[in-house]
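[1] Return a 3D structure for these sequence lines:
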Amino acid sequence: MRHKTSIKASLHKARLSLLSLSAATVLMSSLTAQAAERVGDFALLDQDGIYHNMSWYDNNKAVALFVQVNGDTASQASLARLTELRNEYESRGIVFMTINPLGQSRDSVASEVSALGDIPALIDDTQLISEALGIEKSGEVLLFDPSAFTVMYRGPAGDELESALAKTAQGDLPDSSVLAAQGSDISYPARDHNMTQGVSYVDDIAPILTKHCADCHREGGIGPFAMDSHVMAQGWSPMIREVLMTKRMPPAQIDPHIGNFSNSYNVPFEDQQKLLHWIALGSPKDGNADPLAQLEWPETEWAFGEPDLIVPVPAQEIPATGVLEYIDVIVPIPGLIEDRWLKASQYISSEPTVLHHTLNALIEPGQRPKPGLIGSFSHPDAPYITPYIPGAEPYIEDPDTGGLLKAGTTLALNMHYTTTGRSAVDEGKIGLWFYDEGEEPSQRKLGECACIFPNEWTNIPPNDPNFEQIKSITLGYDAYLTAFHPHMHFRGKSMVFEAQYPDGSSETLLNIARYNYDWQIEYKLVVPKFVPAGTKVVVSGKFDNSLQNPANPDPEREVPWGQQSWDEMFFGQVYWKAADPAVLDQLREKLGGGVAAN
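    Numbers count the residues shown, from 1 in each chain. This next block holds a predicted model:
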């Protein structure tokens, strides 16, 4: 089954690569799209913030998309047939969904489709997917082939649709002619404006790419190519379209309707529209200057200038092949001759292709290491030295916040390496930046992990596409939530952080609708969120142990907790600050000194 899974993943990647070669003209032609025309793969979130990628459904014969507009008579008439048709054809390989092409609010759409039960109601916030599908009328229905990425049928929800469904369920192709649907016209104001007035590369596109792409896609960056000129942006425009349509890039993006995060990795809806319409126009260049070619990047590898202190990490020799156990090393912090308040830190690996992540623990003078490197981070004066995390940025504390790094402290590292077919030697280093001498920050970073360890773990059943595990923590005092950090392995699918308040109300804090093991980000709130004492933060994580998950090592396996990536973990780290400074003294009295776990 592993072999079958790897073949499926390879075919999936090949399909996306072929798509990227021909996608440059797709959006333009989709303005008058007909049935049987290739649209391309795409993904949308539904009324509950759940991620739906069409290629994930490629083990089905078709996805039936009912065009839904709130309060629209034609939509209501079309949806009246949905339940009947779903009962008839869902078991025969047809997936049923609705799609709202106007990007109307989740609550309003959920209310409109509530009578349909658990059907996913996709919401097209940017209208770009609806444009590509050629949706023109409310109440029309599309049959979409999730393998070929084509529209097989377009028309009303009448006898013609039932005939098309019957043929598709039998494995035959339905009539590809377009049938007129009686409904309200769907307007596309952004498309009409951008396609007639044009989109400026200099004024619009280059700034968008600079802000959201070029930091990684530059010479020496972690991206696979440098987006350092119009020629490069134009050449890669088919791929830019594909990754925006499927929400694969920017990586680690989260639900844009939940919370306000400084590092959401989301491209604003208007900017996505400009990018794809610019691509549809042929990715033209205007003006004499090329802003991307004029970008300059700092020569230093350190994010905050030269560090006050650099901690060398012992070199690790990594073989070309094999399974590696986690490596534990104790690292002294040379040059720390007095206690200093820590402001920022950065971990640089010389071989990031083999280092997957590290975990840290600080061992203060006279203390012994305590078991476990993840969990409570509740000692008020504990400093935070960032571990190495896939995709993570260098860490800097919030203003007037920090922890005390005591002279004589040593750093315990737990290091996870993977082999790549090439032997390597990783010589890491950690940069530390301190507050000025005599300057003491008044605020402290606190936190706790909603972690599931082996004693509480429930094995993930074979072939389960949506297995859920839940863990919670309860705050014992008023606090301001500041950040959240997820961690799962290859089968991780999504993770949601929810606050359940003492008065019985609840609120979603963060929705990582498409979790990606390669990008494990600490998501930071722009404005810390007050929560009263007794608030429970509930973290729910879902795992996809099916063949449809191209990253799944073996869908036939019952998956236990384990350190290796083919096993699974569940960590939902929550960070906060105490609302009342007196709490810090209470914690100091309760916890005393000792190990600070990062």
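[2] Tell me if Ile240 really is in a helix.
    Yes - under DSSP: H, G, I helix; E, B strand; the rest coil, Ile240 falls within a helix.
[3] from what I can see it touches Ile279, true?
    Yes - counting by Cβ atoms under 8 Å, Ile279 is a contact partner of Ile240 at 6.6 Å. Where you see a C-beta, it was placed from the backbone N, CA and C, and this is true even at glycine.
[4] Alpha carbons of stretch 411-426, as CSV, please.
    The C-alpha coordinates for stretch 411-426 follow below in CSV (Å, rounded to 0.1, in the frame of the first residue of the first chain):
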residue,chain,number,x,y,z
LEU,A,411,20.6,24.5,26.6
ALA,A,412,19.2,21.0,26.2
LEU,A,413,18.4,20.3,22.5
ASN,A,414,16.2,17.5,21.2
MET,A,415,16.9,17.3,17.4
HIS,A,416,14.9,15.6,14.7
TYR,A,417,16.8,14.9,11.5
THR,A,418,15.6,13.2,8.3
THR,A,419,17.7,11.7,5.5
THR,A,420,17.5,12.9,2.0
GLY,A,421,19.7,10.6,0.0
ARG,A,422,22.8,12.8,0.5
SER,A,423,25.0,12.8,3.6
ALA,A,424,25.4,16.1,5.3
VAL,A,425,26.9,17.8,8.3
ASP,A,426,24.7,20.3,10.1
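[5] Go through that stretch and flag the buried ones.
    Residues 411-417, 419, 424, 426 are the ones in stretch 411-426 that count as buried (16 or more other Cβ atoms under 10 Å).
[6] Now tabulate these in TSV and tack on secondary structure, distance to Lys542 and pLDDT.
    Putting the buried residues of stretch 411-426 into TSV (DSSP: H, G, I helix; E, B strand; the rest coil; distance: Cβ to Cβ, whole Å; pLDDT from 0 to 100) gives the following:
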residue	secondary structure	distance to Lys542	pLDDT
Leu411	strand	34	93
Ala412	strand	32	92
Leu413	strand	31	93
Asn414	strand	26	92
Met415	strand	28	94
His416	strand	23	92
Tyr417	strand	28	94
Thr419	coil	29	93
Ala424	strand	34	96
Asp426	strand	33	96
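[7] Turn those into TSV, columns for distance to His257.
    Converted to TSV, the buried residues of stretch 411-426 look like this (distance: Cβ to Cβ, whole Å):
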residue	distance to His257
Leu411	39
Ala412	40
Leu413	38
Asn414	36
Met415	37
His416	33
Tyr417	38
Thr419	40
Ala424	42
Asp426	40
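[8] How about Met54: what's its closest non-neighbour residue?
    Once flanking residues are discounted, Met54 sits nearest to Pro146: 4.6 Å by Cβ to Cβ, 6 or more residues apart in numbering.
[9] And the nearest residue to Glu558 once chain neighbours are set aside, how far from Leu275?
    Beyond its immediate neighbours in the sequence, the residue positioned closest to Glu558 (Cβ to Cβ, 6+ apart) is Asn459, lying 4.9 Å away. Counting by Cβ to Cβ, to the nearest Å, the gap from Asn459 to Leu275 is 43 Å.
[10] Neighbour count for the two, which is higher?
    A count of neighbours by other Cβ atoms under 10 Å puts Leu275 above the other of Asn459 and Leu275, at 27 against 14.
[11] tell me what the helix or strand harbouring that one is packed against?
    For Leu275, the host element (DSSP states H and E) is helix 269-280. With contacts defined as 3 or more Cβ pairs under 8 Å, 6 or more residues apart in numbering; DSSP states H and E, helix 269-280 has these neighbours: helix 26-30, helix 128-133, helix 189-197, helix 206-212, helix 237-245.
[12] List the residues that contact the nearest residue to Gln127 once chain neighbours are set aside.
    Sequence neighbours aside, Tyr188 is the residue nearest to Gln127 in space, at 5.6 Å (criterion: Cβ to Cβ, 6+ apart). Listed by Cβ atoms under 8 Å, 6 or more residues apart in numbering, the contact set of Tyr188 reads 127, 130-131.
[13] what does Gln47 give?
    Contact analysis of Gln47 by Cβ under 8 Å, 6+ apart lists 106, 109-110, 113, 120-121, 123.
[14] can you check Thr150 too?
    Neighbouring residues of Thr150 by Cβ under 8 Å, 6+ apart: 36-39, 144.
[15] Which of those residues has the largest number of neighbours?
    When neighbours are counted by other Cβ under 10 Å, Val39 leads the contacts of Thr150 with 26 neighbours.
[16] Setting the sequence-adjacent residues aside, check what's closest to that one.
    Using Cβ to Cβ, 6+ apart, the closest residue to Val39 is Ala132 (5.0 Å).
[17] Surely that neighbour and Gly40 touch.
    Yes - the criterion here is Cβ under 8 Å, and Ala132 meets it with Gly40 at 6.6 Å.
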